[in-house]
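Visitor: Model the structure of this input:
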Amino acid sequence: MTYLLLAIFFFLLYLLVAELYPVRFLRAKSVKKSPSKLPPLYIYSFELHIHTQFSYDSLGKPEDLIRSSKEEDIDFLIVTDHDRDDIRHFAGEKILAGKEVKLTDEKGNIMGDLLEAGNVRVVAHPFKEKYRWRLPLPEDYLFEIIDLKDALLER
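Guide: Take a look at the predicted model:
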């Protein structure tokens, strides 16, 4: 039983570290993947909420994100650094520039976090108490269901 708990602890610790520093700890070797049996038409993978060194909570460089997304077969990255869109200088066909914005009321209370990329709006960290969405939810906003870092760090 002790070994099982220890294994679970180290597995969760690994996920926590991998999520807090998503690019720093990725292996640089390429992985040969078997071709998909599904038709490639209209099947894309997205990472909608990732930060770079331009945010206070990431060490990842834009070129590391580009390399890692190719290695992991992620088709599109929407980089949402905190209150900054410096990534726009690196944006291209596969990397879209966005930003994560804290919404506050007139007293400065945090009312929620919003990811913005073009006309797309995503409510970020909806289940994290500090950033819980406290505003009306427009019908055209998307909703982040699971943020791995939040899921691991919250109770």
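
Visitor: give me the element residue 80 is part of.
Guide: Here residue 80 sits within strand 76-82, counting by DSSP states H and E.

Visitor: what are the pairing partners of that strand, and which direction each?
Guide: Paired neighbours of strand 76-82 in the sheet (DSSP bridges): strand 46-50 (parallel), strand 95-104 (parallel).

Visitor: Adding distance to residue 74, write those out as a markdown table.
Guide: Just so you know, the C-beta spots here come from the backbone N, C-alpha and C atoms, and that holds for glycine as well. Output for these, formatted as a markdown table (distance: least, C-beta to C-beta, whole Å):
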| stretch | distance to residue 74 |
| --- | --- |
| strand 46-50 | 5 |
| strand 95-104 | 10 |
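
Visitor: Show me what counts as buried in the strand holding residue 80.
Guide: For strand 76-82, burial by neighbour count (16 or more other C-beta atoms under 10 Å) applies to 77, 78, 79, 80, 81.

Visitor: next one: stretch 100-109
Guide: In stretch 100-109, counting by 16+ other C-beta under 10 Å, buried: 100, 101.
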